[in-house]
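Student: Turn this into a structure:
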Amino acid sequence: MQKETFFQEVLLNQKNADILQVLSEICEYIEHDKEFLYNPLLILGKTETGKSHIMHILKKCYPEQVQCIQGGDLVYQTKVRNLFQVEKECKVLFIDDIQHCRENTNLQEQLIYFMDTLPAHILLIFLQNTDSEVSFTKHFQSRMTQGLSFTLQEPDLEIKVRYTQNCSDEKELKLSKEQCLYIARRSSGFRNIQNILNHIHLYKKQMNSMPAMQDIERIVAKKGYVFTANPDIIIATVAEVYDFTAKEIKGKKRYPRIAEARHLCIYLCRTLLGITYMEIGRIFGGKDHSTIGYSIKKIEDLRVTNKVMNNLVTEVTMKCKKNLTNLK
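Tutor: Next up is the predicted model:
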């Protein structure tokens, strides 16, 4: 594996230069059996500073040589011994979220025993979240920090932008620099960025096109939550309320009540699903951009000037949300 690619994925800057050196030595140890002097290794850091990211990338790059155990599994597993059945090829064993073991002194003693009985060639790496103060027994703390410990610094904007760009390229999203910067500025860390990009990827699959900037803003504002993009559900819901068929609403009849239902469908497709004007136009028989914009503005104006209509739109919106959510 080219370590340059690995470090681009890990995305740690000069604030974490010592960690970069250690990661390089871990790679050399896995690939070439070069001596690694710091065992065990303790990596500290707040939420979304990249602890689990390091673990996942190493696991992805070296699936046979890297094993992972979750701290929560240790707490709730009746036989801790079962979790320490390492594979023959294993060289690195991660224990993530070790802070979950802080109140179980018996478990800490068991961990010390298994640390002492692990094969000498296995590098043990603890990951600890430092969002809140954690205290272990002196014995366990001493053993856990016997090798080397360091604290990950929170990613700065430059790192988050680079991470967003790399992940978007990997998912073939082709986000612009402006869009990557927007996502990075409004994300607390790596996981939040991944969540947003996953929803953008879902949007692309459902709509067969990339979201516009305003759609990305909506996804970010809702912290990634978006409704399943199914305009047929909205059209069917509105048709039921107005006592029309979906075919009639999507048709060309223009008398007031059916036109109103059509305007409402267009409005809801835009506000709930974030569908582009072009796509909405296709759904409703090839209507142009200005016609779609007129329908949306028509409903927006009615909500301000007509209390009955505003209540109806609110009611239908809630029904559409329920039906869309039930579809998931």
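
Student: Pop out the phi and psi values for the residue nearest to A184 when sequence neighbours are not counted.
Tutor: Nearest residue to A184, sequence neighbours excluded (CB to CB, 6 or more residues apart in numbering): K160, at 3.8 Å. Glycine gets a C-beta too; all of them are placed from N, C-alpha and C. Main-chain torsions, K160, degrees, to the nearest 10: phi -70, psi -40.

Student: residue ranges with poor pLDDT in the stretch 1-150 of the chain?
Tutor: 1-15, 77-84 (pLDDT under 70).

Student: wait, the stretch 201-328 of the chain
Tutor: In the stretch 201-328 of the chain (pLDDT under 70), the answer is 206-207, 222-229, 325-328.

Student: and if we set it to 50?
Tutor: Residue ranges of the stretch 201-328 of the chain with pLDDT under 50: 224-225, 328.

Student: got the residue ranges for the helices in it?
Tutor: Taking DSSP state H, counting those that start in this stretch as the test, the helices found in the stretch 201-328 of the chain are 213-221, 231-242, 246-249, 256-273, 277-283, 289-305, 307-327.

Student: hmm, who's touching the first one?
Tutor: Here helix 213-221 makes contact (CB atoms under 8 Å, 6 or more residues apart in numbering) with 178-179, 182-183, 186-187, 196, 199-200, 203, 211, 226, 274, 276.

Student: Among the residues you listed, which one is most surrounded by other residues?
Tutor: I183 (26 neighbours; other CB atoms under 10 Å).

Student: got the contact list for that residue?
Tutor: Counted by CB under 8 Å, 6+ apart, I183 has contacts 164, 175, 193, 196-197, 216, 220.

Student: about what we covered before: of all the contacts of helix 213-221, which comes closest to N106?
Tutor: Using CB to CB, the shortest approach to N106 within those belongs to S187, at 39.4 Å.

Student: Which helix or strand contains the nearest residue to that closest one once chain neighbours are set aside?
Tutor: Leaving aside its chain neighbours, S187 sits nearest to I193 (4.6 Å; criterion: CB to CB, 6+ apart). Element membership of I193, judged by DSSP states H and E, is helix 190-207.
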